[in-house]
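# need a structure here:
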Amino acid sequence: MPLNPGDSAPDFTLPATGGTVSLAGLKGRKAVLYFYPKDDTSGCTLEAQAFNALAEAFAAADTAVIGVSPDSMRSHEKFSAKYGLGFPLVSDETKAMLDAYGVWAEKSMYGRKYMGVERTTVLIDRDGTVARIWPKVKVPGHADEVLAAARAL
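Residues are numbered from 1 along each chain as shown. The predicted structure is shown next:
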């Protein structure tokens, strides 16, 4: 079942750079969960850098930024260190969270179908309710748009 604004955000507790991240641990703060396909690829690197560049502005808006992909913790740690990311990257190797948020989907490239992460961002309010969803994200300008929505929330 697809996730919609107004729904309760699906619960999760997963390993992340800097420790464990859970929905319960975010309660009382706004949170941006941005789901991306793979560490250290061009689009995913640009997206991480864009969110990282706005880290102070997100903090001022009392909004946590968290990147989520099925990559391993080892991959996340290397990616985070390489680009000096100031927010956690969550590892969902089982894809349970990706499924719960509706972002593990069938994709196709060059006529070949496969399962992968649909680049999506979810804004969660202080009560754990989905405030907004950006499906099939195009990276340029996206982090700025998410920041504006977080400030308005």
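
# for the chain, just list every one of the strands.
With DSSP state E applied, the chain shows strands at 13-16, 19-22, 30-35, 63-69, 89-91, 104-109, 112-117, 120-124, 130-134, listed in chain order.

# could you dump those to a markdown table with mean pLDDT?
Formatted as a markdown table, those follow (pLDDT from 0 to 100):
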| stretch | mean pLDDT |
| --- | --- |
| strand 13-16 | 96 |
| strand 19-22 | 95 |
| strand 30-35 | 97 |
| strand 63-69 | 97 |
| strand 89-91 | 97 |
| strand 104-109 | 87 |
| strand 112-117 | 90 |
| strand 120-124 | 97 |
| strand 130-134 | 96 |
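
# how about these, which one is nearest T41?
Taking Cβ to Cβ as the criterion, T41 comes closest to strand 63-69 out of the strands of the chain, the separation being 10.0 Å. Where you see a C-beta, it was placed from the backbone N, CA and C, and this is true even at glycine.

# mind giving me the packing neighbours of that closest one?
strand 30-35, helix 42-53, helix 55-60, strand 89-91 (3 or more Cβ pairs under 8 Å, 6 or more residues apart in numbering; DSSP states H and E).

# show me the one of the ones you listed that comes nearest A24.
Nearest to A24 among the helices and strands packed on strand 63-69 is strand 30-35 (11.5 Å), distances taken as Cβ to Cβ.

# got the angle between the closest one and strand 120-124?
Taking axes from the mean of the first three to the mean of the last three Cα atoms, to 10 degrees, strand 30-35 and strand 120-124 form an angle of 160 degrees between their directions.
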